[in-house]
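**Q** Predicted model and sequence below, questions to follow.
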Amino acid sequence: ADSVKLQLQWVTQAQFAGYYVAKDKGYYTDENLDVEILPGGPDIAPPQVLAGGGADAMLNWMPSALAAREKGLPVVNIAQPFKTSGLMLTCWKDTGITGPQDFKGKTIGVWFFGNEYPFLSWMSKEGIKTDGGPDGVTVLKQGFNVDPLLQRQADCISTMTYNEYGQVLDAGVKEDELITFKYEDMGVATLEDGIYVLEDNLKDPAFADKMVRFVRASMKGWKYAEEHPDEAAGIVLDNDATGAQTEAHQVRMMGEIAKLTAGSNGALDEADYQRTVDTLLGGGSDPVISKQPEGAWTHQITDEALK
Amino acid sequence: MSVIEARGLNLTFQTNDGPVHALKDVNLSIDRGEFVSFIGPSGCGKTTFLRCIAALEQPTGGSLTVNGVSPEEARRARAYGYVFQAAGLYPWRTIAGNIKLPLEIMGFARDEQERRVNDVLQLVDLAGFGKKYPWQLSGGMQQRASIARALAFDADILLMDEPFGALDEIVRDHLNEQLLKLWARTNKTIGFVTHSIPEAVYLSTKIVVMSPRPGRITDVIDSPLPSERPLDIRDSAEFIEIAHRVREGLRAGHVDE
Amino acid sequence: MSVIEARGLNLTFQTNDGPVHALKDVNLSIDRGEFVSFIGPSGCGKTTFLRCIAALEQPTGGSLTVNGVSPEEARRARAYGYVFQAAGLYPWRTIAGNIKLPLEIMGFARDEQERRVNDVLQLVDLAGFGKKYPWQLSGGMQQRASIARALAFDADILLMDEPFGALDEIVRDHLNEQLLKLWARTNKTIGFVTHSIPEAVYLSTKIVVMSPRPGRITDVIDSPLPSERPLDIRDSAEFIEIAHRVREGLRAGHVDE
Amino acid sequence: MTLAFAALLVWILGWAVNGWLARGPMANTPLVRLAVPLIFGLTILGVWELVVRGLNVPLVILPAPSLIAARFAGSLPVLWEDFSQTILKGALSGYVIGCGAAFLMAILVDRSDFLRRGLLPVGNFVAALPIVGTAPILVMWFGFDWQSKAAVVVVMVFFPMLVNTVAGLREATQMQRDLMQTYGASYWQGLVKLRLPAAMPFIFNGLKISTTLALIGAIVAEFFGSPTVGMGFRISTSVGQLALDMVWAEIVVAAIAGSVFYGIVALAEKTVTFWHPSQRR
Amino acid sequence: MRSLVAVLTVVAALVVVWYLACIPMNIAGVLVEAERAGATVTPTDGAERRATSGIVLAAKNSFAIPATWAQERPRLPAPDQVVNELWKTTVGMNITSKRSLVYHAWVTLSATLLGFAIGTGLGILLAVGIVHSRVMDMSVMPWAIVSQTIPIIALAPMIIVVLYSVGMQGIVPKAVISAYLSFFPVVVGMVKGLRSPDAMQLDLLRTYNASSAQGFWKLRLPASMPYLFASLKIGISASLVGAIVGELPTGAVAGLGARLLAGSYYGQTVQIWSALFGAAILAACLVGLLGLIERALLARMGMAR
Ligand SMILES: Nc1ncnc2c1ncn2[C@@H]1O[C@H](COP(=O)(O)OP(=O)(O)OP(=O)(O)O)[C@@H](O)[C@H]1O
Ligand SMILES: Nc1ncnc2c1ncn2[C@@H]1O[C@H](COP(=O)(O)OP(=O)(O)OP(=O)(O)O)[C@@H](O)[C@H]1O
Ligand SMILES: Cc1ncc(C[n+]2csc(CCO)c2C)c(N)n1
Ligand SMILES: [Mg+2]
Ligand SMILES: [Mg+2]
């Protein structure tokens, strides 16, 4: 069987259920693939692993992937299982925040490590400075949990609909104590969790063929996971080596993830791509990418896979 | 009047090999102005006895008084100058600084400190070396500095534990002479540990011969030598006679080895 | 035949205080089977001279031959047994193990090693202590063990740097006797550093008196004493006469201090 | 390939020059003592440059030294800001507080045999708590700014310093203590005139160990939450942005800062403990 | 025996302080929870409460104090919570379970031991080189010091990626990081130890015309043993920290580091603390084990007194 290594961008959780389901259900084996799923972590950069040859494909947020491309690492999106963005800002209502313009003077937790681009684009679109001045926002590099919000060290933090937001609620906070801003709703959504490979590799027909089979099986896994969320969550739990995940949490996450993958058959929607690029380029003074990317995506694989 | 008075003194160290009887039933009385030497094989308790007098060690039995009070009280009254077997100078202080140390602790005035440091440096032939650090001096010079340190604050009782062990014979002779002169001038009471029979005989008014396991006094010899003692007194018949007696005493203590 | 031959030997140490003339124009010749003592005040270069002979120090001038070849070559031929000022036993080896050390290094056979260890232990009165560790022995016993170690491989030349400095007089007398016997029996050439005039006179066929700054030889005294020397030879007129001469020589070297 | 071969050549050459210098007559001059490690460092840099170029190692894996140098020179303002946030504010204040507190504690502990027996094992246990676990907790307690970094540093340096100082205070020999006794010296006189000076080599040992700990602690703690400035922040963010040249520029800053910091403490040690055999030559 | 009593006393005192500290640390959170549950707390206004110190809050709401020791996500978990969690995840669980701390400790331990072995071996080799070669001494030693000023956590991901790219995964990258942290104390201690024989001991060997190999085996090496063990004890805890650091960027799939991270990621303070203590206990055991080996070895060498 052909071996494929997939680098995730975070630890094993339902966010990556499709791949685990495909592996567990034998979809990869059916395609004559031997897939190894490499969990990510707080300071593992999937593009770096890809560049080092440690993985054949990676999952990444498109802003981060495009930035890597500009840095000279030619990564290409070959499939986009996530249709919708799950990223949002969650704020305490009692801070008086009602809209983006109220962020001025507030403290906001943001994930860095390549995940800061959507936020920076949004802020520059709103014309809000992020350097901590009185009429800008004070940005904190947020750790891995929702403590900054709960401990009131930040007025808002970044959350994913499927994960951290649930954790905030789990901590006993009522939804009406909070106000949330989904990037999707604010019109600054960027594509998340696409599958990327190195451009040069794609020229190799054998590799391309491998990816075709990989994407096909993966999408089959995703669709199965969408339809059987409880079972998918169970499969993810079985694959979690840390033993730290709880069933309730993964089931809920799977439910939310299903909403994000729902609209996608795996092929990248050009309009979504263009919206992402525009958002990133639109960032006034400090854009994340400086020019329209060329060849950052291809339908070559999905066309074949979805035939 | 008796300055140091030991009655049935015992000291037993508890070690993990069992108890060590470092001192057993030691009786001794030393008068003001006496020069007493302690001699005996290694491990017979000479150092231990000196340490008891200086209240550095607590006897486990018997009584010991110094100037009529307990050693502890005498220590607090700063009755002792003590010279250890090794020089034991503080390496971070100059020679002068080392000699000044007890003076600082006892609260002497600044200029008095200077004066005394100069005096004792002169006395031990180290004038001009005050600014050096201990490791810049030879072993003999270090030992002399440590003697100077013990002399600086002019205690009534001077306890010296083999102070000249590391020196060559000429320097040793010279310092012996100096010490005798100092003693004659100041009328201090001196307790002096040595391994050298001639040295003990030459210096002392009283020689205490000790023997080990358990540490005890086997002989106390009062010297009939005059207090005026040129170096060549060591060739006199009287001297040789006393030396012989000391040697016999020592040899007796060695039989068990 | 002359075993050790020094001609105009010089050794200057470069220190950051300037040069130290440890040895200056030293001329000496030692014949096979002689027992030569070196005596002199601290720092006069006794140790340095011994170290030059053993090729532990490189002279800066003059010539020095041992057995007709350079000290370095003699060292490679393992011509020396050296006893240092302190015992310097390896704490992780038993007494027997310490004595075995040179034998292992020189590649003696196993059983030969055992035999020699037992022999020399006997010789220095330490039979039965072979299995003990150094720190389980008294200072005197350690020193004897270190002598045994130097004797074990039976070198022609024995160099001893104040080997008995730390011992009390009785033990010292005893070891002096033993050493003389050994020397008489084996006809080794011995270089011996000491601070004690009686010791030097009692042991030697030749006494080298040295004086410091710069280190040089001020007197070489050939002893007329017979090779058979009971301890009480020390009370003989001849002995006292030589001792006197040595003392005078030493005193002369001390004037500048 | 030829470049890789050149790398080998550079290595041999550098090593040969050093060998010649170290065995030469000037080996003990300060100039050579400085030159030899420098040449060694330059040799490594040369080899690194040639290997990276020769084997076409991707920038996002390992940038060449020349690139790092260019980035370093081009980012001085940012580097300085990060340096002052992490080192000047976080590491230094934590170092001073941690070492100072440990010093005072050591003097207290030293007075009581009971405390010493009880506290030191517990202290060793606490010192074994891995920083990657304590840092998130302290960030949660002390907030995102430099205060939490200083707290991490305090926790990291406290026990090594305590253990060393306590050991140092017991360093005075029995004879030196006895001497103080014969003078009837008070506790404080004994402390100031004997035990503290005698403890200095140990105290400086603790201070030296603590320098590197302080630096690492302050940087690592920023991985677990920080404002948008600081060396740790920059390193972790730049890795995510694949700006490896920036990462290495920060590492260079860390190495320079660490070496200078260490050097200053070592120099102070040399002047204060000039009397100790290890400082004499 | 006396030491045991002393340690227990100190521990007891610390536990008391710890319990007391829980009150002001956790009270704010407890009050928010109580308020959501419908209790009346003073002051009632949340903003005002946040401006009040923990001690004052505790005084005004003494009814809430017991709850500060039993929160689910405390700022500072109470000792019994940590001990409970430790118990539950070690003794109370099958050790092959992924939820068992013993399983994770084993994962970390294996990387630690491998790293420690590599680091110690490398450290000793370097030390031997430094002692026997002036060039090595002058060139390498300063850079060894510099190497320790580099924050390993910054290098860790790169080391992992580089090793990934040459096909090494799993335990080796972690062990490399742990070796990087442990080699330095070993070098320093071993250099000191190999240089500890005094001039006289070295001269003695010269009079025997011993070769430098003989000098190494018969003098330098045995003389260095006490120093070696002192630094091995530091080295092994450094190794452990290295293995834990190495677990973070390797996907943190298993091991104490993964537990720390997972606990941190889900705000499970109790789990963080128990993993933290697990790590410290593991370190203590390793150091203790080395101590026993040291005692046995030095006793066999006759150096124990
Ligand atoms: N602190 C101690 N603990 C246990 N035993 C001790 C202690 N101090 C001394 N001893 C033992 O007490 C005995 C007497 O020792 P002391 O030091 O008084 O002998 P000494 O006559 O001064 O010998 P030396 O001439 O070698 O200095 C010895 O057997 C010694 O081993
Ligand atoms: N390695 C050295 N470097 C510099 N000076 C030295 C060195 N070794 C010895 N000296 C100096 O050389 C002189 C002679 O020293 P040496 O050790 O030979 O004296 P010694 O006669 O053995 O004295 P002692 O009786 O004190 O042992 C002294 O002044 C000493 O300070
Ligand atoms: C260091 C680091 N911080 C944040 C993210 C952001 N992120 C992207 S996906 C995801 C999972 C959400 O539950 C998270 C947290 C990251 N990748 N690495
Ligand atoms: Mg004594
Ligand atoms: Mg000498």
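**A** Cool, got the structure. Residues are numbered from 1 along each chain as shown, chains lettered A, B, ... in the order given. Ligands and ions are numbered 1, 2, ... in the order given.
**Q** quick one: D:E81 from chain B, how far?
**A** Separation of D:E81 from chain B (Cβ to the nearest Cβ, to the nearest Å) stands at 42 Å. All C-beta atoms are positioned from the backbone trio N, CA, C, and that covers glycine.
**Q** tell me the SS of that residue?
**A** helix (DSSP: H, G, I helix; E, B strand; the rest coil).
**Q** and it, what does it touch?
**A** Residues in contact with D:E81 (Cβ atoms under 8 Å, 6 or more residues apart in numbering or on different chains) are D:V229.
**Q** give me every residue that touches D:R170.
**A** Per Cβ under 8 Å, 6+ apart, neighbours of D:R170: D:D110.
**Q** Alongside chain E, which residues does the stretch 51-200 of chain D contribute?
**A** D:61-62, D:114-119, D:121-122, D:124-134, D:136-137, D:140-141 (Cβ under 8 Å from any Cβ of the partner chain).
**Q** can you map out the helices along the stretch 1-150 of chain B?
**A** For the stretch 1-150 of chain B, helices defined by DSSP state H, counting those that start in this stretch occupy the ranges B:46-53, B:71-76, B:95-105, B:110-123, B:139-152.
**Q** With mean neighbour count and distance to chain E as extra columns, can I get those helices in a markdown table?
**A** As requested, those are exported to a markdown table (neighbours: other Cβ atoms under 10 Å in any protein chain shown; distance: least, Cβ to the nearest Cβ, whole Å):
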| stretch | mean neighbour count | distance to chain E |
| --- | --- | --- |
| helix B:46-53 | 24 | 21 |
| helix B:71-76 | 18 | 26 |
| helix B:95-105 | 23 | 25 |
| helix B:110-123 | 16 | 31 |
| helix B:139-152 | 24 | 15 |
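**Q** mind giving me JSON lines with those helices and columns for mean pLDDT?
**A** Listed next are the helices of the stretch 1-150 of chain B as JSON lines, based on pLDDT from 0 to 100:
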{"stretch": "helix B:46-53", "mean pLDDT": "90"}
{"stretch": "helix B:71-76", "mean pLDDT": "87"}
{"stretch": "helix B:95-105", "mean pLDDT": "91"}
{"stretch": "helix B:110-123", "mean pLDDT": "91"}
{"stretch": "helix B:139-152", "mean pLDDT": "86"}
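**Q** of all these, which lies closest to chain C?
**A** Taking Cβ to the nearest Cβ, helix B:139-152 is the member of the helices of the stretch 1-150 of chain B nearest to chain C, at 4.9 Å.
**Q** Nearest residue to the residue of chain E found nearest ligand 3 in space, ignoring adjacent ones along the chain?
**A** Nearest to ligand 3 in chain E, going by Cβ to the nearest ligand atom, is E:Y265, at a distance of 8.2 Å. Leaving out its chain neighbours, the residue that sits closest to E:Y265 by Cβ to Cβ, 6 or more residues apart in numbering or on different chains is A:F144, at 4.2 Å.
**Q** Then D:S259?
**A** Per Cβ to Cβ, 6+ apart, closest to D:S259 is E:V146, 5.4 Å.
**Q** The host helix or strand of the one you found packs against which elements?
**A** Element membership for E:V146, per DSSP states H and E: helix E:134-147. Helix E:134-147 sits against helix D:2-23, helix D:30-54, helix D:244-272, helix E:101-132, helix E:171-194, with contacts defined as 3 or more Cβ pairs under 8 Å, 6 or more residues apart in numbering or on different chains; DSSP states H and E.
**Q** Identify the spatial nearest neighbour of the residue of the stretch 51-200 of chain A found nearest chain E, chain neighbours not counted.
**A** Nearest residue of the stretch 51-200 of chain A to chain E, counting by Cβ to the nearest Cβ: A:G54, 3.0 Å away. Leaving aside its sequence neighbours, A:G54 sits nearest to E:Y164 (Cβ to Cβ, 6+ apart; 3.0 Å).
**Q** Distance of that neighbour relative to A:Q7?
**A** Relative to A:Q7, E:Y164 is positioned 9 Å away (Cβ to Cβ, to the nearest Å).
**Q** Looking at the two, which one has more neighbours?
**A** For E:Y164 versus A:Q7, neighbours defined as other Cβ atoms under 10 Å in any protein chain shown are more numerous around A:Q7 (26 against 23).
**Q** Now do the same for the closest residue to the more buried one other than its chain neighbours: helix, strand or coil?
**A** Nearest residue to A:Q7, sequence neighbours excluded (Cβ to Cβ, 6+ apart): A:A55, at 3.8 Å. Under three-state DSSP, the three-state class of A:A55 is coil.
**Q** Hmm, A:A55 is touching A:P47, no?
**A** No: using Cβ atoms under 8 Å, A:A55 is not in contact with A:P47, being 9.9 Å away.
**Q** ok, which stretches of chain B are strands?
**A** Ranges of strands in chain B, per DSSP state E, are B:2-15, B:18-31, B:35-39, B:61-66, B:80-83, B:157-161, B:189-193, B:206-211, B:216-222.
**Q** Tell me where the stretch 51-200 of chain A has strands.
**A** A:57-60, A:75-79, A:87-92, A:107-110, A:138-141, A:156-160, A:178-182, A:194-198 (DSSP state E, counting those that start in this stretch).
**Q** What average pLDDT does the fourth one get?
**A** It stands for strand A:107-110. In this model, strand A:107-110 has a mean pLDDT of 90.
**Q** circling back to that earlier point, burial check on the residue nearest to A:Q7, number of neighbours?
**A** Neighbours around A:A55, by other Cβ under 10 Å: 26.
**Q** Could you pull up phi and psi at it?
**A** Main-chain torsions, A:A55, degrees, to the nearest 10: phi -150, psi 160.
**Q** and the gap between it and E:I171?
**A** Taken as Cβ to Cβ, the span from A:A55 to E:I171 is 19 Å.
**Q** try A:I108
**A** Taken as Cβ to Cβ, the span from A:I108 to E:I171 is 40 Å.
**Q** more neighbours, those two?
**A** A:I108 (23 against 18).
**Q** Tell me the bridge partners for that one.
**A** A:V139, A:C156 (DSSP bridges).
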